[in-house]
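In: Provided below are the primary sequence and the corresponding predicted coordinates.
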Amino acid sequence: MSGIFEFMQPKHGSVLFYRAVIFVSFFIPVMLQSCKHEEKVYKSPCNDDSNFKHVSFTVLIDSIQNYDHQYIEVEGTYREGKDMSALVNDSTFVDHSSIRSLWVNFSQDCPLFLEGTHQGLFEYNDGKFTQISDKTIILRGKIDVRHKGHLGSYRGEIDRVSYIKL
């Protein structure tokens with residue numbers, strides 16, 4: 001019978017192996033936690049009295065008329081460039097043109113500041129500007145289907161942006 005249970009007896013190499021597995025299983029999560037992206041929230045008090053409806057990007061694009069003049073919260077990828085300030089479509093759409101995107105109209109009426117500071121989103125700080133282009137963000141603002149951004153080529157506009165979470 002002792003032959004049957006021999007495989008259960010730890011060998012010197014297997015003890016080292018088990019110790020390595022335990023070491024890795026504890027320290028890899030700790031290392032990944034330290035690499036975790038720190039979320040930044042920029043807010044403006046301009047829409048404090050508004051109730052925001054959380055809506056998915058796909059639903060918003062497909063039924064934007066239902067959200068006209070309403071305050072919404074939506075997640076998407078922000079893109080900026082020459083004549084571009086847009087929340088772009090997600091990868092589930094076949095059509096990736098600007099008609100499946102929303103123009104983002106940042107307003108001086110709604111200045112955005114890093115929560116707990118006086119650092120503005122569009123201010124030069126620590127030798128650079130806050131980079132938000134090509135990042136997934138959550139933003140809150142008011143939908144306007146009449147205004148369609150640069151050359152009228154977008155599905156609609158998100159105006160009075162009062163919250164951005166990077």
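Out: Now that the structure is in, tell me what you want to look at. Residues are numbered from 1 along each chain as shown.

In: report the central residue of the chain.
Out: Nearest residue to the geometric centre of the chain (CA atoms, centre = their mean): residue 137, 2.6 Å.

In: confirm that that one sits in a strand.
Out: Yes: per DSSP: H, G, I helix; E, B strand; the rest coil, residue 137 lies within a strand segment.

In: nearest residue to it in space, please, no chain neighbours.
Out: Nearest-residue entry for residue 137: residue 78, 5.0 Å, with adjacent residues in sequence omitted and distances by CB to CB, 6 or more residues apart in numbering. No exception for glycine: its C-beta is placed from N, CA and C like everyone else's.

In: where does pLDDT dip in this structure?
Out: 1-37, 90-97, 127 (pLDDT under 70).

In: which stretches of it form helices?
Out: With helices called from DSSP state H, the chain shows them at 12-34, 57-62.

In: correct me, but residue 137 touches residue 161?
Out: No: counting by CB atoms under 8 Å, residue 137 does not reach residue 161; the two are 10.1 Å apart.

In: before we move on, the earlier item: contacts only, for the residue nearest to residue 137.
Out: Taking CB atoms under 8 Å, 6 or more residues apart in numbering as the criterion, residue 78 is in contact with 86, 87, 88, 104, 132, 133, 134, 135, 136, 137, 139.

In: can I get the residues you listed in a markdown table including distance to residue 153?
Out: Converted to a markdown table, the contacts of residue 78 look like this (distance: CB to CB, whole Å):
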| residue | distance to residue 153 |
| --- | --- |
| 86 | 10 |
| 87 | 14 |
| 88 | 12 |
| 104 | 14 |
| 132 | 21 |
| 133 | 18 |
| 134 | 20 |
| 135 | 22 |
| 136 | 22 |
| 137 | 21 |
| 139 | 20 |
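
In: ok, of the residues you listed, which come out buried?
Out: Buried members of the contacts of residue 78, scored by 16 or more other CB atoms under 10 Å, are 86, 87, 88, 104, 132, 137, 139.

In: of those residues, which belong to strands?
Out: Within these, residues falling in strands by DSSP state E are 86, 87, 88, 104, 137, 139.

In: okay, these in JSON lines with distance to residue 72 next?
Out: Output for those, formatted as JSON lines (distance: CB to CB, whole Å):
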{"residue": "86", "distance to residue 72": "16"}
{"residue": "87", "distance to residue 72": "11"}
{"residue": "88", "distance to residue 72": "16"}
{"residue": "104", "distance to residue 72": "12"}
{"residue": "137", "distance to residue 72": "14"}
{"residue": "139", "distance to residue 72": "9"}
